[in-house]
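Novice: Based on what follows, work out the 3D shape:
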Amino acid sequence: MGALLASSGAVFGVIGGIVYVAVIVFEIAALWMVFVKGGRPGWAAIIPIYNIYVMIKVAGRPGWWWILFIVPLVNIVIAIIVYLDLAKSFNRSTGFGVGLFFLSFIFIPILGFGPATYVGPGGRPAVA
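Specialist: Numbers count the residues shown, from 1 in each chain. Take a look at the predicted model:
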């Protein structure tokens, strides 16, 4: 009986691992699409730290803000500002920006795969 439980635990572990990898790939694909819609390279979604820089640029903030993500407590405030600006960049509401902050694993795919269009950094149309 113990061997049966051990093998079923291993099966659930493998299934859990597969689901975990699938969710991670889905989230990377969603962020990739957000970057592409924002006129940035999609591959930036898979590069740690650089993906934060690109998200900051899509949101219309200066690139040096990525340094502020390293500072404890300051990073929370900066993340809120960046997510609010990211929502504005896709012509979404402040409530959507709050959703990006608290539930980004749900709201990033909505931006990436949904009908949202990029209107410009921080919601300001790009000047040609």
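Novice: Point out where the protein drops to low pLDDT.
Specialist: The chain contains residues with pLDDT under 70 at 1-9, 125-128.
Novice: Tell me how many other residues surround G97.
Specialist: By the criterion of other CB atoms under 10 Å, G97 has 23 neighbours. Just so you know, the C-beta spots here come from the backbone N, C-alpha and C atoms, and that holds for glycine as well.
Novice: so it makes contact with V82?
Specialist: No. In this structure, G97 is not within contact of V82 by CB atoms under 8 Å, at 9.1 Å.
Novice: for the helix or strand A79 falls within, which positions count as buried?
Specialist: Per DSSP states H and E: A79 is located in helix 74-89. Residues of helix 74-89 classed as buried by neighbour count (16 or more other CB atoms under 10 Å): I78, A79, I81, V82, Y83, L84, D85, L86, A87, K88, S89.
Novice: just checking, what packs against it?
Specialist: Helix 74-89 is packed against helix 50-59, helix 94-102, with contacts defined by 3 or more CB pairs under 8 Å, 6 or more residues apart in numbering; DSSP states H and E.
Novice: Grab the longest helix from the chain for me.
Specialist: The longest helix of the chain (DSSP state H) is helix 2-37.
Novice: Give me the angle between it and helix 74-89.
Specialist: Relative orientation of helix 2-37 versus helix 74-89 (axes from the mean of the first three to the mean of the last three CA atoms, to 10 degrees): 60 degrees.
Novice: List the buried residues of helix 2-37.
Specialist: For helix 2-37, using 16+ other CB under 10 Å, the buried residues are E27, I28, A29, A30, L31, W32, M33, V34, F35, V36, K37.
Novice: quick one: it to helix 50-59, angle?
Specialist: Using the same axes, to 10 degrees: helix 2-37 against helix 50-59 is 40 degrees.
Novice: Now do helix 2-37: distance to the chain's middle.
Specialist: Centre-to-centre, helix 2-37 and its host chain are 18 Å apart (CA atoms, centre = their mean, to the nearest Å).
Novice: which other helices and strands contact it?
Specialist: Helix 2-37 packs on helix 50-59, helix 104-113, going by 3+ CB pairs under 8 Å, 6+ apart.
Novice: Sounds good, over and out.
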